[in-house]
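Colleague: Based on what follows, work out the 3D shape:
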Amino acid sequence: HWDVEQRGGTSATTWLRRAHAERRNDATFWRLDIADPGPGRVFDNRVYERGAMAVQALRDRLGERVFWKALRTWLAARRDGVGTVPAFRRHVQRVSGKDLRGFFRTWLSGRRAPDATRANGLR
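Modeller: Predicted coordinates:
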């Protein structure tokens, strides 16, 4: 969605708001813990779609400068390596200086749609 945004298309924030509104009442969509879906569900579409929504919500929550700094430093530190969800969460909190435990819990492990609040990156 960022590449579309860069070419003058729909913003990633607009995409997030639409996707959230479309999926808000879809209980099955929110039932899966995407931080640890289990080996049989690692390629489940919900992992990818909710994951994209969570990353965009994080961008909206943190703001451009902090978000991109967190991503650049995460990627640089793991060049040719791997990372884990818990390590990513700690890294983003450290870079941003914010307590994001509730944000990550809501987006990654929550069993229902996140409330449309600034704290959830849904301004």
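Colleague: only C-alpha atoms for contact and neighbour calcs from this point on.
Modeller: OK.
Colleague: which helix in this structure runs the most residues?
Modeller: Ordering each helix of the chain by length in residues (DSSP state H) puts helix 45-62 first.
Colleague: In it, which residues are buried?
Modeller: Buried positions in helix 45-62, judged by neighbour count with 16 or more other CA atoms under 10 Å: 46-47, 50-51, 53-62.
Colleague: How about stretch 70-89?
Modeller: 70, 71, 74.
Colleague: burial measure for residue 24, as a count.
Modeller: 16 (other CA atoms under 10 Å).
Colleague: typo on my end, residue 28
Modeller: Close neighbours of residue 28, defined as other CA under 10 Å, add up to 11.
Colleague: How about residue 109: what's its closest non-neighbour residue?
Modeller: Excluding its sequence neighbours, the residue lying closest to residue 109 (CA to CA, 6 or more residues apart in numbering) is residue 33, at 4.3 Å.
Colleague: Could you say which helix or strand holds the one you found?
Modeller: Here residue 33, judged by DSSP states H and E, is contained in no helix and no strand.
Colleague: could you dump the buried residues of stretch 70-89 to a markdown table with pLDDT?
Modeller: Shown next, in a markdown table, are the buried residues of stretch 70-89 (pLDDT from 0 to 100):
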| residue | pLDDT |
| --- | --- |
| 70 | 98 |
| 71 | 97 |
| 74 | 97 |
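Colleague: Who are the contact partners of the residue nearest to residue 109?
Modeller: Neighbour list for residue 33: 108, 109, 110, 111 [criterion: CA atoms under 8 Å, 6 or more residues apart in numbering].
Colleague: repeat for residue 30
Modeller: Counting by CA under 8 Å, 6+ apart, residue 30 has contacts 110, 111, 112, 113.
Colleague: you'd agree the last one is up against residue 28?
Modeller: Which is residue 113. No. The criterion here is CA atoms under 8 Å, and residue 113 misses it with residue 28 at 10.4 Å.
Colleague: Good, wrapping up.
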